[in-house]
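J.: dropping the sequence and predicted coords here.
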Amino acid sequence: ARRESASVLAAELHLSDRTIEQRMTGAWQLVHELPAAHEAHKAARITAGHLRTIDQATRALRIDDAVPAADKTRVEQELVELAERTTPGQLRSRAARIVDRVLTAPLQQRFEAAREQRAVTLSEAGDGMVFLGALVPAALGTAAYDRLTRSARGKPKDDPRTFDQYRADALLELLLCGQV
């Protein structure tokens, strides 16, 4: 039934079945794993940006079986209340501290578990474009982004591409050809 629904929605929205299935799975997880945040978003008390921030900030908490359900619920409620009076950026910086207070596993263990989730994803962006994303360790991802940024800073003055366009093209050249 899920695949059939995804297929119908994909045809209507001109997206791939896989993209719709991923969105449906993500929505199901938000509704069931973060009910207070979902309700606050549904009631327009928080924005989609707040909801994404709460989702991202609580991922480690939601998979830590050693944290009691009551603590998880309390943290979610605290983040929703904070989201109602801050911007998503302000929430992001505070959310990490709030979540860290209740996590039971040391940072190194959490990093190792998170590292096991690394992946490369591809999703339709429409108009012949796709979004290519990678979930990688922060140090390596930051270094890769920095290399692309340094490459874009060296673009010729007469190059008509924007900084971001040049950086995107540099990524593809590195992946497909091995050099910029």
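T.: Thanks, I have it.

J.: there's contact between Thr58 and Glu78 in this structure, I believe.
T.: No. Assessed by Cβ atoms under 8 Å, Thr58 is found out of contact with Glu78, at 10.7 Å. Quick note: C-beta positions are derived from backbone N, CA and C, even for glycine.

J.: more neighbours: which of those two?
T.: Thr58 (20 against 17; other Cβ atoms under 10 Å).

J.: what does the model give the spatially most central residue of the chain for pLDDT?
T.: Of all residues in the chain, the one closest to the mean position by Cα atoms, centre = their mean is Gln56, 6.3 Å from it. Gln56 carries a pLDDT value of 91.

J.: name the residues of the one helix or strand it maps to that come out as buried.
T.: Secondary structure assignment for Gln56, by DSSP states H and E: helix 48-57. By 16 or more other Cβ atoms under 10 Å, the buried positions in helix 48-57 come out as 50-55, 57.

J.: how about the helix or strand of the chain with the lowest mean pLDDT as PDB, C-alpha atoms only?
T.: Ranked by mean pLDDT, DSSP states H and E, the weakest helix or strand in the chain is helix 107-115, scoring a mean of 82. Below are the C-alpha coordinates for helix 107-115, written out as PDB (Å, rounded to 0.1, in the frame of the first residue of the first chain):
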ATOM      1  CA  LEU A 107      30.700  11.100  22.700                       C
ATOM      2  CA  GLN A 108      33.200   8.700  21.200                       C
ATOM      3  CA  GLN A 109      30.600   5.900  21.300                       C
ATOM      4  CA  ARG A 110      27.900   8.100  19.800                       C
ATOM      5  CA  PHE A 111      30.300   9.200  17.000                       C
ATOM      6  CA  GLU A 112      31.100   5.600  16.200                       C
ATOM      7  CA  ALA A 113      27.400   4.700  16.000                       C
ATOM      8  CA  ALA A 114      26.700   7.800  13.900                       C
ATOM      9  CA  ARG A 115      29.600   7.100  11.600                       C
END
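
J.: that's all I had, so thanks and see you.
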